[in-house]
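Novice: Provided below are the primary sequence and the corresponding predicted coordinates.
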Amino acid sequence: MFPFQASLNASTLFPFKLNVLEQIKVAAEAGYEGIELWVSDIEAFLAGGGTAEQIRECLSRNNVVFANAIAFFKWADVDAAVRAEGFAQAARELRMLAELGCRAAAAPPFGDVASVSLSDMGQYYAELTALGREIGIDVYLEFWGKASKLSTVNEAKEVVLASGIEQAQVLLDPFHMYTGGSGVEDLKELQGSQIGIVHANDYPAAPSREVITDAERVFPGEGVAPLKELAEALYASGYRGFLSVELFIEDFGSLTAAEVASKGITTLKQAFQVEG
């Protein structure tokens, strides 16, 4: 059985150069219950004359949840001035996202974080979470496998612990687990309530994890990632939230956006089956 909810990360549709309304419609028509939109796409839509009301109305009409937003603000940068700019950017973007009914925004280790301690990062994450909650939106802590700091599940757990934030949630991604050296066993201490959203993707056996890039991700089940084990671990944790198909494939050949979205949800539900 597939006990989770299906979401589509708009990055999967990037080759088709769709605006946010078109991304939402494609996701809805393929059967996704949620979508992850990128702040850059939202800002481009608004700058081109689109309105927040159009986005809200499109989400509502298509019965799609704005599950999470992909954002890039330097909330954990080692430079205090850069960090302050990052928080100002975060405040602007989180208010915009809250107005759209978005549930959460991702907070990856964007910026110069190599020399930042996990303890200090926890403090900055606590401040960012407080800002988000004041605005009315959650902030999911995201690790990047190739980041100089905050690159593993265990480092993410340390940052959460150092933050002291109750009900803090992390963003999981099998590609970043792979490139950072995290294993499914590292998830055993996580409760489902500590997981905000899970990106769904796969990766081939080659190139190696040291040199593989985002563009080489593949559809769930088409690579060598231990997705069945991941699905079982998520299910055992009590997680029942969104699994969001996130690919960065640059050319889908003859496939249309609708066909890509449809293939995404089909492979997602096949690869993340659990024993019922």
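Specialist: Perfect, thanks for sending it.

Novice: going forward, measure contacts and count neighbours with C-alpha atoms only.
Specialist: Noted.

Novice: which stretch of helix or strand covers the nearest residue to residue 4 once chain neighbours are set aside?
Specialist: Of all residues not flanking residue 4 in the chain, residue 240 sits nearest, at 4.7 Å (CA to CA, 6 or more residues apart in numbering). Counting by DSSP states H and E, there is no helix or strand that carries residue 240.

Novice: swap in the one 3 residues further on?
Specialist: Under the criterion DSSP H and E, the helix or strand holding residue 243 is strand 242-245.

Novice: contacting residues around that strand?
Specialist: 4-9, 12, 34-36, 67, 197-201, 219, 264-265, 268 (CA atoms under 8 Å, 6 or more residues apart in numbering).

Novice: select only the buried ones of the residues you listed in PyMOL?
Specialist: A single PyMOL command selects the buried members of those (16 or more other CA atoms under 10 Å):
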select buried, resi 4+6+7+8+9+12+34+35+36+67+197+198+199+200+201+219+264+265+268
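
Novice: sitting in helices, which of the contacts of strand 242-245 do you find?
Specialist: When DSSP state H is applied, the contacts of strand 242-245 are split such that 264-265, 268 fall in helices.

Novice: would CSV of those residues with distance to residue 230 and pLDDT be doable?
Specialist: Formatted as CSV, the ones in helices among the contacts of strand 242-245 follow (distance: CA to CA, whole Å; pLDDT from 0 to 100):
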residue, distance to residue 230, pLDDT
264, 18, 98
265, 17, 98
268, 12, 98
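
Novice: can you put those in TSV and add distance to residue 133?
Specialist: Conversion of the ones in helices among the contacts of strand 242-245 to TSV gives the following (distance: CA to CA, whole Å):
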residue	distance to residue 133
264	32
265	31
268	31
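
Novice: so which of the residues you listed comes closest to residue 57?
Specialist: residue 265 (23.6 Å; CA to CA).

Novice: from residue 99, how far out is the closest one?
Specialist: 28 Å (CA to CA, to the nearest Å).

Novice: equivalent analysis for residue 250, please.
Specialist: In this view, residue 250 and residue 99 are 31 Å apart by CA to CA.

Novice: can you get me the start-to-end distance on stretch 145-158?
Specialist: Stretch 145-158 end-to-end distance (CA to CA) = 15 Å.

Novice: please work out the average pLDDT along that stretch.
Specialist: Average pLDDT, stretch 145-158: 98.

Novice: so for it, what gets flagged as buried?
Specialist: Here stretch 145-158 shows 145-154, 156-158 as buried, counting by 16+ other CA under 10 Å.
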